[in-house]
Every structure is written in structure tokens, then in C-alpha cells.
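Novice: Sequence and predicted structure are below.
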Amino acid sequence: VQLVESGGGMVQAGGSLRLSCAASGFTFSSYDMSWVRHSAGKGPEWVSGINTGGGSTYYADSVKGRFTISRDNAKNTLYLQMNSLKPEDTALYYCARNDPPGRWYEYDAWGQGTQVTVSS
């Protein structure tokens, strides 16, 4: 199982970034997937989840209305479009494979993460 995140960077408050997660080594379309972030001084925070087909999406209250999760099962890729970024969104963002299905806070694989830094 390999999950490789990309797309992070430094952006000013109000800006946008699009994160990608390339999956390999397993049947991507068979798993619910999530984005999780970890910022300095805080524990891991679940950000968003998407079911296998992409028809159902879920968000933490802190990002609802600003972030959009999506997936392309033909490309084995998970995405997170982040708009209206705030300094408090600064964190290391991971994509994670959910297991068992529908358990958004339980993961059995995750990537190395991509850093997002939002300046005020």
C-alpha cells in the first residue's frame, strides 16, 4: 500500500490550494478515503471523508463550505480542494485509507503528508 500526497505549499490567507493523493498497491475504488491533518501543538484532526464511489462526502465543521473532497477511481487519486484558507488551516495534511468502511476516524494506511502553510 502506498499513498503519496502532493500539492501543499505556502499561501496567503484567503488563497486556495489543491492537494492530491496518488494511491497504489491496493484496489483504490474499494476503500473509503479521508484527509487528516496534524498541526503543531494539536493532535490529528480528521478533515474530510469520501465513500468508495465518491457520491457521499463528509466534512469537519471547521472546513465545511471551504474544502471539497473528491476522487478519480480511474486514476487512483484522491483530491482536496481548499478555498478561503485561514492561518488555522496550517498543518501537515495526510490522505488515509479508512478501514473498516464508514469509520471515518479509523485508518489502516496513510501517506507521508504534504505541508500547508497559510500566512495572515
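Specialist: Here it is on my side, so go on.

Novice: secondary structure element for the residue nearest to the spatial centre of the chain?
Specialist: Closest to where the C-alpha atoms of the chain average out (Cα atoms, centre = their mean) is Trp35, at 2.5 Å. Trp35 is located in strand 33-38, with elements delineated by DSSP states H and E.

Novice: Each with direction, which strands does that strand pair with?
Specialist: Strands adjacent to strand 33-38 in the sheet, as given by DSSP bridges, are strand 44-50 (antiparallel), strand 91-98 (antiparallel).

Novice: Can I get those in a markdown table including mean neighbour count, mean pLDDT and distance to Gly14?
Specialist: All C-beta spots, glycine's among them, are computed from the backbone N, C-alpha and C. Converted to a markdown table, those look like this (neighbours: other Cβ atoms under 10 Å; pLDDT from 0 to 100; distance: least, Cβ to Cβ, whole Å):
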| stretch | mean neighbour count | mean pLDDT | distance to Gly14 |
| --- | --- | --- | --- |
| strand 44-50 | 20 | 96 | 19 |
| strand 91-98 | 23 | 97 | 17 |
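
Novice: and Thr117, which of the ones you listed is closest to it?
Specialist: Of all the strands paired with strand 33-38, it is strand 91-98 that lies closest to Thr117, at 8.8 Å by Cβ to Cβ.

Novice: Residues in contact with that closest one: which ones?
Specialist: In this structure, residues lying in contact with strand 91-98 by Cβ atoms under 8 Å, 6 or more residues apart in numbering are 1, 3, 5, 8, 19, 21, 23, 26, 31-39, 42, 45, 47, 49, 78, 80, 104, 106-116.

Novice: Now, of those residues, which are buried?
Specialist: Buried residues within the contacts of strand 91-98, defined by neighbour count using 16 or more other Cβ atoms under 10 Å: 3, 5, 8, 19, 21, 23, 31-37, 47, 49, 78, 80, 104, 107, 109-111, 113-114, 116.
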